[in-house]
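*Asks:* missing the sequence, but the structure's below:
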């Protein structure tokens, strides 16, 4: 059901400084600095193989990313797994006993539609449907 | 220089319990429970797309994985990036100003030869040379 690792998110305090460091390893960010208003974050993404690395800087204190930065500091945030149909996959996973945070997909970057799972042994996973 | 995300490691307290949960999402582990003596860990790996997810349980208190489990708890541990020649890549990265923990590669699973970078904004990266 899961086809590949679609993207991996990293929480950072200072996006510009993080981009400067990441570009040494991963080249230029795909679209410079982007904004995902509904999550209260600025971000930048790098394509590595067929996976996106996404740097995420919270810019307001309300969202889940800001809370995570407060609780755990900078670093790995979540791993998002690509599926064909995110609603169907989320339902199937919930029925198999894995706890799903919200069965209703939310909009991510571009055409990404995502569903968060509850943490599994300290790691945050997500499902994503995307044409990319 | 970096070709793809080769593997991602997760630290867990109890490998058997973690395998039970991960197999629901990612199928059966590739080779059951494996052991990496020189790191003092048991592990299990799952292939997702062309990336390995590796669950790592420290079994002695001396190594870096055990220390990380103590300091940060379970969850994402490191992301390993595939390069053609790990010594050459590590040298090039060090010259570009990214701090490399040890320029001498160490042996991982199978034919994996790895070099750890120092953490970058809270995230642990590694370079790996591998025929897989």
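*Replies:* Arrived safely. Note that the structure is predicted; figures quoted are calculated from it, not measured.
*Asks:* ok, how many other residues are close to residue A:128?
*Replies:* Residue A:128: 23 surrounding residues under other Cβ atoms under 10 Å in any protein chain shown. No exception for glycine: its C-beta is placed from N, CA and C like everyone else's.
*Asks:* Give the pairing partners of the helix or strand hosting it; include direction for each.
*Replies:* Applying DSSP states H and E as the criterion places residue A:128 in strand A:125-129. With DSSP bridges as the test, strand A:125-129 is paired with strand A:75-82 (parallel), strand A:113-116 (antiparallel).
*Asks:* How about the shortest one, which residues are buried there?
*Replies:* Right, strand A:113-116. Applying a neighbour-count criterion of 16 or more other Cβ atoms under 10 Å in any protein chain shown, one finds A:114-116 buried in strand A:113-116.
*Asks:* Which elements pack onto the worst-scoring helix or strand of chain A on mean pLDDT?
*Replies:* The weakest-scoring helix or strand in chain A, judged by mean pLDDT, DSSP states H and E, is helix A:64-72 (a mean of 89). Helix A:64-72 sits against strand A:4-11, strand A:51-58, with contacts defined as 3 or more Cβ pairs under 8 Å, 6 or more residues apart in numbering or on different chains; DSSP states H and E.
*Asks:* Quick check: buried residues in the first one?
*Replies:* Yep, that's strand A:4-11 we're talking about. For strand A:4-11, a neighbour-count test (16+ other Cβ under 10 Å) marks A:5-11 as buried.
*Asks:* Repeat that for stretch A:17-24.
*Replies:* Of all the residues in stretch A:17-24, those buried under the rule 16+ other Cβ under 10 Å are A:18-19, A:22.
*Asks:* cool, and stretch A:64-79?
*Replies:* Buried residues in stretch A:64-79 (16+ other Cβ under 10 Å): A:64-66, A:68-69, A:72, A:74-79.
*Asks:* Stretch A:78-89 too?
*Replies:* Within stretch A:78-89, the residues scored as buried using 16+ other Cβ under 10 Å are A:78-83, A:86, A:89.
*Asks:* Which single one of those residues is nearest to residue B:94?
*Replies:* Nearest to residue B:94 out of these is residue A:79 (Cβ to Cβ; 27.7 Å).
*Asks:* which one of the helices and strands packed on helix A:64-72 lies closest to chain B?
*Replies:* Chain B lies closest to strand A:4-11 among those, at 2.8 Å (Cβ to the nearest Cβ).
*Asks:* list the helices and strands the closest one packs on?
*Replies:* Packing partners of strand A:4-11 (3+ Cβ pairs under 8 Å, 6+ apart): strand A:51-58, helix A:64-72, strand A:75-82, strand B:4-11.
*Asks:* what's the span of stretch A:83-103, first residue to last?
*Replies:* Between the start and the finish of stretch A:83-103 there is a gap of 14 Å, counting by Cα to Cα, to the nearest Å.
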